[in-house]
Every structure is written in structure tokens, then in C-alpha cells.
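Peer 1: Take a look and give me a structure for this.
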Amino acid sequence: MDPLLHLDRTLDDLDPPGWGSPADGATGLVRKVHALRRVPLRELRPAGLLTLVSQQVALPYVLPLAVRLLLEEPLLDAYFYEGDLLHAVVRAPAGAWAVLPDLDARLRAVIRALPETAVADLPSGVAEELARFAARP
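Peer 2: Numbers count the residues shown, from 1 in each chain. Okay, the predicted model is just below:
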């Protein structure tokens with residue numbers, strides 16, 4: 001299923017069962033993720049995608065959206081720092097990429113094309129994670 005064909009639907013629609021409202025006393029992060037699951041995919045912004053990818057929520061739907069942004073602007077600053085969305089995406093489990101081989105290959109090519117100077121400016125450890133992701137078979 002191509003998640004980009006379902007941009008008017010929410011993760012609660014596409015990734016059942018719906019999560020509903022968070023429990024009383026839930027953390028801010030839990031409330032945020034629950035709220036993001038009720039946003040139509042086309043309305044998800046980079047910061048929301050960063051949160052969902054980082055929390056590994058509905059990856060078959062959110063990874064393609066994130067990668068679409070990263071193909072245009074690989075070092076996009078979604079919320080915390082330049083390249084934060086890319087960093088979150090490359091940390092997604094390998095199994096999530098198994099169903100997205102074309103996007104995986106395209107993203108690896110983009111990472112390999114990044115200028116060394118840009119990668120060197122990323123937070124400690126990020127360059128190594130990008131290199132590991134790009135070198136995967």
C-alpha cells in the first residue's frame with residue numbers, strides 16, 4: 001500500500017486499532033503522539049514526523065513522508081538541530097525498510113552524496129550512523 005495515496009487519512013485510520021485519547025496522567029510525549037495519530041497525513045509537519053519516526057509509530061506510513069522531505073532537503077532541521085529528521089529516519093529498524101526498498105536505496109544515495117563538511121557539523125555520532133545506514137546492502 002502506498003501511504004502517499006492516503007494523504008487525507010490519519011494514522012488511526014490506516015494503522016488500526018485507533019489509539020483514542022491518552023490515559024489520564026500521560027506524559028506530554030504520549031499525548032503528542034496520540035494527537036499526531038489523528039492528523040491527516042498531508043498535514044503532518046517535519047516536527048510531527050520526527051516525533052512519530054523517533055517513537056517508531058506507524059513507520060510504513062511515516063517513513064515515506066519523512067523520506068520525501070529528506071530527498072529534497074537531507075539536513076532539514078525538523079525541531080532540534082540540522083539533520084535531526086535524517087538522524088531519526090536512519091535509526092528506524094531495518095525491518096521497517098524491508099517494505100520500502102526503493103526509498104531505502106534513494107535515501108542511501110542522498111546520504112552518500114552529502115558533502116563531508118556538512119556531515120562533520122552534525123552532532124557527535126550522527127555521521128557514523130549515517131555512514132552505517134548508507135553502507136547497508
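
Peer 1: how close does the residue sitting furthest away from the middle of the chain sit to residue 17?
Peer 2: The centre of the chain is farthest from one residue, residue 24, which by CA atoms, centre = their mean lies 27.5 Å away. Per CB to CB, to the nearest Å, residue 24 is found 20 Å from residue 17. Every C-beta, even on glycine, is put in place using the N, C-alpha and C of the backbone.

Peer 1: Check residue 87 too.
Peer 2: Separation of residue 87 from residue 17 (CB to CB) stands at 30 Å.

Peer 1: For the two, indicate the residue with more neighbours.
Peer 2: Neighbours per residue, other CB atoms under 10 Å: of residue 87 and residue 17, the larger number sits with residue 87, 24 against 6.

Peer 1: Touching, the more buried one and residue 129? I think so.
Peer 2: Yes. Between residue 87 and residue 129 there is a contact at 6.6 Å, judged by CB atoms under 8 Å.

Peer 1: which residue is nearest the middle of the protein?
Peer 2: residue 53 (4.0 Å).

Peer 1: can you give me the offset of the host helix or strand of that residue from its chain's centre?
Peer 2: In the assignment (DSSP states H and E), residue 53 maps to helix 46-54. Distance of helix 46-54 from the chain centroid (CA atoms, centre = their mean, to the nearest Å) equals 6 Å.

Peer 1: tell me the mean pLDDT over it?
Peer 2: Across helix 46-54, pLDDT averages out at 98.

Peer 1: Next, count neighbours for residue 110.
Peer 2: So residue 110, with other CB under 10 Å, has 17 neighbours.

Peer 1: what do you get for residue 93?
Peer 2: For residue 93, the count of nearby residues is 9 (other CB under 10 Å).

Peer 1: That one contacts residue 63, correct?
Peer 2: No. Using CB under 8 Å, residue 93 makes no contact with residue 63, being 10.4 Å away.

Peer 1: Any regions of the protein where pLDDT drops low?
Peer 2: 1-5 (pLDDT under 70).
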